[in-house]
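**Q** A structural model of the following input is requested.
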Amino acid sequence: MRIGMIGYGKMGHMIAQAARLHGHEIACTIDPFAKDASCVTGDPEKMKSCLLDSGVEGAIEFSHPSSVFGNIRTIIPTGIPLVVGTTGWHDRLDEVRASLEESETSLLYSSNFSIGVNLFYRIVSEAARLMAAFDEYDVALFESHHNQKADSPSGTALDLAKRVMDNMPRKTRLVTDCFVRKPEADELHLSSVRVGAVPGTHTVWFDSAADTIELTHTARNREGFALGAVRALEWLTSPDAQGAKKRGVFTMKDVFNDL
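**A** The predicted structure follows:
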């Protein structure tokens, strides 16, 4: 497959390497700052031209929360299937769905493409479902990342929090700030740390007076994220169960449901 990369920083380079190892061609790299990108621009029309002229069959977007929605809005009209790993735009998902319907194309997004993290999502969901029947257990989340990460909390942590709240009805409000008071029983606390070069650690605690159950996913490096993004694009560009081109919005949950 001929792949276009939108965002050619550290993560973009790693995804490009993973794609090549899987037999794909990186036909186009777009970034407003990376001097080794084949198309050094942030201009929407130039981005479109670079993608279309290179004949890419799919694209992967790993840029910055400040530019991701503009990139999505630029790429969708080209009809090129798009995988998006940048967070910070999910509140505009309805706009994206409408644009995809007009362009009859597809987009797959996730805050984390790691196979291990997506398995962790399922483990945490099931644990929260089981714990919901036992009021003596409280729950909280913690995440830590490198000090260059632009957003906080991480998208993965927010996804984990949603899964906990979906399965534990007594938790109805998410708190991401520090507490300067006693927390209410229906509040779910998510705390974040940014330090050094940590690739990413996410922990969910279920705690009672008698014991603690701790579930943790620790990333050793970002290679798992890169490979997962490539696999996501392979899935997105393959025909659906009826042999037709995929259209609309998808997530890694759809990819796992097909496994």
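**Q** What about Q148, how many residues nearby?
**A** Using other CB atoms under 10 Å, Q148 is surrounded by 10 other residues. Every residue, glycine included, has its C-beta placed from N, CA and C.
**Q** isn't there a helix covering S125?
**A** Yes: looking at S125 with DSSP: H, G, I helix; E, B strand; the rest coil, it is inside a helix.
**Q** surely H22 meets V230?
**A** Yes: here H22 reaches V230: they are 5.7 Å apart, a contact under CB atoms under 8 Å.
**Q** Neighbour count: these two, which is higher?
**A** V230 (24 against 13).
**Q** Could you say which helix or strand holds that one?
**A** Element membership for V230, per DSSP states H and E: helix 223-236.
**Q** Return the set of buried residues in that helix.
**A** 224-236 (16 or more other CB atoms under 10 Å).
**Q** ok, now stretch 143-157?
**A** So, applying 16+ other CB under 10 Å, buried residues of stretch 143-157: E143, S144, H145, D151, P153, S154, G155, T156, A157.
**Q** Was I right to think the fourth one contacts H64?
**A** Translated: D151. No: contact criterion CB under 8 Å: D151 and H64 do not qualify, at 9.4 Å.
**Q** which SS class is the residue lying closest to S67 once chain neighbours are set aside?
**A** Spatial nearest neighbour of S67, chain neighbours left out: G42 (6.9 Å); criterion: CB to CB, 6 or more residues apart in numbering. Of the three states, G42 takes coil under three-state DSSP.
**Q** and G42, how far is that from Q148?
**A** According to CB to CB, to the nearest Å, G42 and Q148 sit 20 Å apart.
**Q** For T78, give its distance to S99.
**A** Counting by CB to CB - T78 and S99 are separated by 11 Å.
**Q** Same check on L107?
**A** 9 Å.
**Q** Then T105?
**A** T105 is 9 Å from S99, by CB to CB.
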